[in-house]
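Participant: test case, fold it:
(chains A and B)
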Amino acid sequence: GQNIDQPTEMTATEGAIVQINCTYQTSGFNGLFWYQQHAGEAPTFLSYNVLDGLEEKGRFSSFLSRSKGYSYLLLKELQMKDSASYLCAGGTDSWGKLQFGAGTQVVVTP
Amino acid sequence: EPEVTQTPSHQVTQMGQEVILRCVPISNHLYFYWYRQILGQKVEFLVSFYNNEISEKSEIFDDQFSVERPDGSNFTLKIRSTKLEDSAMYFCASSEERDRVANNSPLHFGNGTRLTVT
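Facilitator: A predicted model of the protein is given here:
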């Protein structure tokens, strides 16, 4: 399986920008997904990348470099409701079998 | 927006008992999954299901686990004889057809069933 590594926690103020990095092993890689998970709730799909480059979706953007085994999720204009865990997940050769990281807890402060 | 629904939201059972967790995937989705998340740990893949059969299962998904699509809408996970370590949040997910480039497509998760084994 893949090792998905991401920071445990990040803190930022309302209105700011935060970048959550994720690294993974490149063998068997098949797309990189980002999910948001509020405590006690389901993961909610945010973005995914299969090719190198930046994908932008409103306040959220995700970047992928396959050669470096690296991705990041960029959250702009942070709002209090963005306080959540952000999960990086690697797609594998097996259809629908995602390898999740432990999640990065983002705390947004006033 | 269509969503994956799961029942019950919380299930408490005694060790050794059988439990069935129920899910209604998004109606036009073809691929179905179960994942679980032990409190404070990562989300873990259990099983994928397509065309009325298991596509892949993880090491966690041993003989005590089974899945079924009994009709055109429901997708169930059965644990025959629960153990204390089965206590977790169980998420059902579904996805539509493959993205031809990525060979993958986003999974949409239900709100989960919190299983507590005592």
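Participant: does stretch B:35-52 come close to chain A?
Facilitator: Yes - Stretch B:35-52 comes into contact with chain A (CB under 8 Å from any CB of the partner chain), by way of B:Q41, B:K42, B:V43, B:E44, B:F45, B:S48, B:Y50. Backbone N, C-alpha and C define where each C-beta goes, glycine included.
Participant: could you identify the most distant pair in those?
Facilitator: B:Q41 and B:Y50 (26.8 Å; CB to CB).
Participant: neighbour count winner among the two?
Facilitator: Neighbours around B:Q41 and B:Y50, counted as other CB atoms under 10 Å in any protein chain shown, are more numerous at B:Y50. The numbers are 15 against 12.
Participant: so who does that one touch?
Facilitator: A:W95, B:L30, B:Y31, B:F32 (CB atoms under 8 Å, 6 or more residues apart in numbering or on different chains).
Participant: least confident pick among these?
Facilitator: Lowest-confidence member of those: A:W95, scoring 70 (pLDDT).
Participant: tell me how many other residues surround it.
Facilitator: For A:W95, using other CB under 10 Å, the count is 18.
Participant: neighbour-wise, give me the winner out of the contacts of B:Y50.
Facilitator: B:F32 (23 neighbours).
Participant: tell me where the model's unsure across the chain.
Facilitator: Here I'm looking at chain A. A:1-2 (pLDDT under 70).
Participant: you looked at the wrong chain, it should be chain B
Facilitator: Looking at chain B by pLDDT under 70, you get B:97-104.
Participant: work out for me the element the residue nearest the centre of it sits within.
Facilitator: Centroid check for chain B by CA atoms, centre = their mean gives B:W34 as the closest residue, at 2.4 Å. Element membership of B:W34 [criterion: DSSP states H and E] is strand B:31-37.
Participant: quick one on the thing from earlier: tell me if I'm right that the residue nearest to the centre of chain B and B:L77 touch.
Facilitator: Yes - shown here, B:W34 and B:L77 form a contact pair, counting by CB atoms under 8 Å, at 4.9 Å.
Participant: overlap in contacts, these two.
Facilitator: The contact lists of B:W34 and B:L77 share B:L21, B:C23, B:L46, B:V47, B:V67, B:Y90, B:C92, where a contact means CB under 8 Å, 6+ apart.
Participant: dump those residues into JSON lines; add secondary structure and neighbour count as well.
Facilitator: Listed next are these as JSON lines, based on DSSP: H, G, I helix; E, B strand; the rest coil; neighbours: other CB atoms under 10 Å in any protein chain shown:
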{"residue": "B:L21", "secondary structure": "strand", "neighbour count": "23"}
{"residue": "B:C23", "secondary structure": "strand", "neighbour count": "26"}
{"residue": "B:L46", "secondary structure": "strand", "neighbour count": "22"}
{"residue": "B:V47", "secondary structure": "strand", "neighbour count": "21"}
{"residue": "B:V67", "secondary structure": "strand", "neighbour count": "22"}
{"residue": "B:Y90", "secondary structure": "strand", "neighbour count": "22"}
{"residue": "B:C92", "secondary structure": "strand", "neighbour count": "29"}
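Participant: so A:Y70 bridges to which residues?
Facilitator: Beta-bridge partners for A:Y70, by DSSP bridges, are A:T23, A:S65.
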